[in-house]
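Peer 1: 3D, please:
(one chain, ligands or ions: 1)
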Amino acid sequence: LSGQLFWHSAFPTSEADAVFFGPDTYRFAIAIEHHLESHSKEVRRAVDIGCGAGPGAIVCALARPGAQVLAVDINPAALCLARINALLAGANNVEACQSDLLSDTEGQFDLVVANPPYLVDPSERAYRHGGGPLGAGLSLRIVEAALPRLERGGTLLLYTGVAMIGGCDPFRAAVEERIPEGFALSYREMDPDVFGEELEGGAYAECDRIAAVVLSVVKE
Ligand SMILES: C[S@@+](CC[C@H](N)C(=O)[O-])C[C@H]1O[C@@H](n2cnc3c(N)ncnc32)[C@H](O)[C@@H]1O
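Peer 2: The predicted structure is shown next:
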């Protein structure tokens with residue numbers, strides 16, 4: 001990914017503490033790179049929520065070597081691999097620490113990035129299960145946790161998957177309800193149809209498709 005090699009769990013990732021690295025990781029990294037190329041605001045502190053093997057944090061750290069970049073995850077195996085991958089990439093401004101979203105971190109951030117789990121996973125693996133309505137629970141919690149922790153001019157960049165129903169986007173509607181005055185939102189579909197096999201039954205019976213989206217919220 002972006003010229004670096006990453007350690008991660010081998011397929012099949014059936015263990016409860018499997019560390020994800022896959023197609024979403026590549027799309028997430030592209031979204032971060034695009035953001036950093038098009039925003040000149042200085043990044044002094046950044047955090048990657050649900051860092052997994054560390055790709056988001058490492059992409060940020062290499063592009064902004066003067067920044068302090070936190071890589072947080074609830075899975076200790078992910079933090080171990082994120083530390084190894086940061087060393088291998090020469091990203092010595094990455095600090096990996098255990099935290100449930102931002103609850104075990106302090107201070108404000110210029111950039112918060114996340115590629116959280118967004119599916120309904122019957123075995124509730126940490127890398128895959130989003131919880132809440134059709135997997136959107138963790139993504140919505142990230143919006144709520146990140147906005148109060150942004151510096152002025154800071155950005156939340158959230159890459160996630162959304163179960164579309166009846167031609168509508170329930171995640172976008174739920175996010176718009178949560179954006180207070182003084183924050184600017186932009187939202188785009190990056191891939192209209194991912195994890196199509198999930199639609200075959202169970203929780204997704206009423207859904208049209210699952211789309212990969214990029215949400216950006218800037219504190220004005
Ligand atoms: C889909 S994986 C993405 C990993 C990595 N960001 C990437 O792009 O490859 C989601 C990650 O979120 C972590 N996670 C799940 N719930 C979390 C929580 N409440 N707080 C922090 N991390 C969490 C999982 O352990 C997993 O490593």
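Peer 1: What is the burial count for Tyr26?
Peer 2: Using other CB atoms under 10 Å, Tyr26 is surrounded by 13 other residues. Just so you know, the C-beta spots here come from the backbone N, C-alpha and C atoms, and that holds for glycine as well.
Peer 1: Surely it is within a strand?
Peer 2: No - the secondary structure assignment for Tyr26 gives helix rather than a strand, going by DSSP: H, G, I helix; E, B strand; the rest coil.
Peer 1: Looks like it contacts Leu1 (just checking).
Peer 2: Yes - the pair Tyr26 / Leu1 is scored as a contact, 6.4 Å apart, by CB atoms under 8 Å.
Peer 1: Other residues contacting stretch 80-88?
Peer 2: Applying CB atoms under 8 Å, 6 or more residues apart in numbering, the set of residues contacting stretch 80-88 from outside is 4-8, 19, 51-55, 57-58, 61, 71, 73, 92, 94, 96.
Peer 1: Are that stretch and the ligand in contact anywhere?
Peer 2: No - for stretch 80-88, no contact with the ligand is found by CB under 6 Å from any ligand atom; the gap never falls below 8.8 Å.
Peer 1: List the buried residues in that stretch.
Peer 2: Applying a neighbour-count criterion of 16 or more other CB atoms under 10 Å, one finds Leu81, Ala82, Arg83, Asn85, Ala86 buried in stretch 80-88.
Peer 1: Please apply the same query to stretch 42-49.
Peer 2: Residues of stretch 42-49 classed as buried by neighbour count (16+ other CB under 10 Å): Val43, Arg45, Ala46, Val47, Asp48, Ile49.
Peer 1: do the same with stretch 188-200
Peer 2: Of all the residues in stretch 188-200, those buried under the rule 16+ other CB under 10 Å are Met190, Val194, Phe195, Glu198, Leu199.
Peer 1: contacting residues around stretch 131-142?
Peer 2: 49-50, 101, 112, 114, 116-120, 129-130, 156, 158, 160-163, 165, 170-171, 174-175, 178, 203-204, 207.
Peer 1: Show me how far it is from its chain's centre.
Peer 2: Averaged C-alpha coordinates place stretch 131-142 at 12 Å from its chain's average position (CA atoms, centre = their mean, to the nearest Å).
Peer 1: could you dump it to CSV, C-alpha only?
Peer 2: Provided in CSV are the C-alpha atoms of stretch 131-142 (Å, rounded to 0.1, in the frame of the first residue of the first chain):
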residue,chain,number,x,y,z
GLY,A,131,-23.4,-2.7,15.5
GLY,A,132,-26.4,-0.4,15.6
PRO,A,133,-28.8,-0.1,12.7
LEU,A,134,-27.5,-2.2,9.8
GLY,A,135,-23.9,-1.9,11.0
ALA,A,136,-23.9,2.0,11.2
GLY,A,137,-23.6,2.1,15.0
LEU,A,138,-19.9,2.5,15.3
SER,A,139,-19.6,5.0,12.4
LEU,A,140,-22.3,7.2,14.1
ARG,A,141,-20.5,6.9,17.5
ILE,A,142,-17.3,8.1,15.7
